[in-house]
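> Fold the following for me, if possible:
(one chain, ligands or ions: 1)
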Amino acid sequence: MYYVGIDIGGTNLKAGLVDEHYQLVATKKMPLQFTSMEQMGETLTDMALALLEENHIARDQVASIGMGFPGSVDNRRGVVIKTVNIPIRFMPVAEMVHRRWDVPVYLGNDADCAALGEYYHYGDEKLESLILVTLGTGIGTGIILDGKIQAGFNGFGGEGGHIVIVHGGEPCTCGRKGCWERYASASALVRQTKAAMEANPGSAMWQMTGGLEQVDGRTAFAAMRAGDAAAKAVVKQYLDYLAEGLANFINIFQPEVIALGGGVSHERDEDLLVPLQSMVLDMCFGREAERHTKLVKAKLGNDAGIIGAALLGVSG
Ligand SMILES: [Zn+2]
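Here you go, the predicted model:
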C-alpha cells in the first residue's frame, strides 16, 4: 500500500508517494495558482491522481491521502478552516476529493505534518514524543505525543512561536508583544546581527558580508568562529532566547526529542546544539531525572511536509 501526501505551500504544491516503510518514492511539484476554493479542490485531486498514473499505481493501492495546509484545519470534518497567504476559509476538502475518489482524506497544519514526518523517521526505536521547532521567518512548532499531533480541540493549538518570552517586548504579527519568534527565529537573528554591526563599526562582520544587505542567519556564527567579539555576543544572546522557549516546552511536555529545523539548524553542533543542550538543562525542571529531552537536528529537510502529510493516514 501507498500513502499520498500533498504539501500546500505559499507558492508551490508538492505531492509525494510514500511507501509502507514511510519512504518517499515519487514526487510531483507544480506552482500554486489559486482562483477559487472549487478550483483548488479540483487541482489537488487532479494532482494526486496524476501522481498515481505517472507511477503506475492503481487507486486501490492507496490507503489514504493527507494534506498539509499553512493554517488551521478541522481534520475530523475534513475542512480547512483558514490558511495564511491563500484565501481559503472553511473549504470542505475531503468532500471535494470524494466527488471523484472515495479514499480516506486526512488534513493537517504544515508545521504539524513536518513534525509527524520527523517523528516517524527519527530512528529504529519508536519515540514516545517529539516536538519539531523550525526556525525560519517565524518559528513553526509541531507537537507529537504518542504518535498523535496535538493541535488543540479547535485546530489552532501547538503554536509555540507565539509563547511570550519577553513581557511587553517586541510587537508580533499575532497581536501580542514579546513572542518567542520575534527573538529566536532566523529573521530575528538577522535583525540582531544587523543591529550589532551598526553598533560596532569595527566588527569583522562588515568585511565578511560587505554590508547589511548581505547579512543572513549564518553571518554571526561565521564571524564568531573567526573570533569577532560582537558576533560572539549576538550568538550568545540568540542562544539565550532560543533556550528560553525550548525550556518552556520541556517544562510542559518533557518530550523525548526536540528536533530543530530551518537553516540555522545546520550550524555546527558545537556552536548550536551542544551549548543549547546544556543551557536548556540548567533552566528546566527535571534536572535530576535519569533521562533528559534530547536536542537534535531535523532530518527530513524540505520533504518533511510531504512525508508528514502522507503519514497523517498512519497516525490516524
Ligand atoms: Zn506572536
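
> pLDDT weak spots in this protein?
Counting by pLDDT under 70, the chain contains no low-confidence segment.

> domains of it?
Taking automatic domain parsing as the criterion, the chain consists of the domains 2-120+303-315, 129-298.

> From F90, how far off is the closest residue to the ion within the stretch 201-316 of the chain?
Using C-beta to the ion, the closest approach of the stretch 201-316 of the chain to the ion is made by G245 at 11.8 Å. (Each C-beta comes from the backbone N, C-alpha and C, glycine too.) The span separating G245 from F90 equals 32 Å under the rule C-beta to C-beta, to the nearest Å.

> Need the phi and psi values for the closest residue to the ion within the stretch 1-150 of the chain.
Closest approach of the stretch 1-150 of the chain to the ion (C-beta to the ion) occurs at G138, with a separation of 8.1 Å. Listed backbone geometry of G138 is phi -120, psi -160, with angles given as degrees, to the nearest 10.

> Could I get the domains of the chain in TSV, plus columns for mean neighbour count?
TSV is the format used below for the domains of the chain (neighbours: other C-beta atoms under 10 Å):
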stretch	mean neighbour count
domain 2-120+303-315	19
domain 129-298	18
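
> those helices in the stretch 51-200 of the chain, which residues are they?
In the stretch 51-200 of the chain, the segments counted as helices under DSSP state H, counting those that start in this stretch are 93-98, 110-120, 181-184, 186-199.

> Between these, which one is closest to S129.
Each of the helices of the stretch 51-200 of the chain was scored for nearness to S129 using C-beta to C-beta, and the closest is helix 110-120 (8.2 Å).

> And D60, how far from A231?
With C-beta to C-beta as the criterion, D60 and A231 are 58 Å apart.

> And L32, by the same measure?
Counting by C-beta to C-beta, the gap between L32 and A231 amounts to 38 Å.

> got it, and E270?
As judged by C-beta to C-beta, E270 and A231 stand 16 Å apart.

> Then A223?
The spacing between A223 and A231, counted by C-beta to C-beta, is 3 Å.

> coming back round to it: quick check, distance from whichever strand or helix holds the residue of the stretch 201-316 of the chain closest to the ion to the centre of its chain.
Under the criterion DSSP states H and E, the helix or strand holding G245 is helix 229-253. Taking C-alpha atoms, centre = their mean, to the nearest Å, one finds helix 229-253 lying 18 Å from the centre of the chain it belongs to.

> Which neighbours in the sheet does the helix or strand that comes right after it have, and how are they oriented?
Beyond helix 229-253 in the direction of the C-terminus, DSSP H and E gives the next helix or strand as strand 257-261. According to DSSP bridges, strand 257-261 forms sheet pairs with strand 129-135 (parallel), strand 294-297 (parallel).

> before we move on, back to that, so for A223 and A231, which residues contact both of them?
Common contacts of A223 and A231 (C-beta atoms under 8 Å, 6 or more residues apart in numbering): S203, A204, M205.

> from these, which is closest to C179?
Each of those was checked against C179 using C-beta to C-beta; the closest is M205, at 26.3 Å.

> Quick check: closest non-adjacent residue to I144.
With C-beta to C-beta, 6 or more residues apart in numbering as the criterion, I144 has its nearest non-adjacent residue at 4.4 Å, and that residue is Y119.

> wait, doesn't V105 sit right on V80?
No - using C-beta atoms under 8 Å, V105 makes no contact with V80, being 11.0 Å away.

> Quick check: neighbours shared by these two?
Taking C-beta under 8 Å, 6+ apart as the contact criterion, the residues that touch both V105 and V80 are V93.

> could you say what helices and strands the helix or strand where I306 lies packs with?
I306 belongs to helix 304-310 when elements are defined using DSSP H and E. Helices and strands touching helix 304-310, by 3 or more C-beta pairs under 8 Å, 6 or more residues apart in numbering; DSSP states H and E, are strand 2-8, strand 12-18, strand 24-31, strand 62-69, strand 105-109, helix 110-120.

> Just send those back as JSON lines, with distance to the ion too.
Listed next are those as JSON lines, based on distance: least, C-beta to the ion, whole Å:
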{"stretch": "strand 2-8", "distance to the ion": "23"}
{"stretch": "strand 12-18", "distance to the ion": "26"}
{"stretch": "strand 24-31", "distance to the ion": "30"}
{"stretch": "strand 62-69", "distance to the ion": "20"}
{"stretch": "strand 105-109", "distance to the ion": "16"}
{"stretch": "helix 110-120", "distance to the ion": "14"}
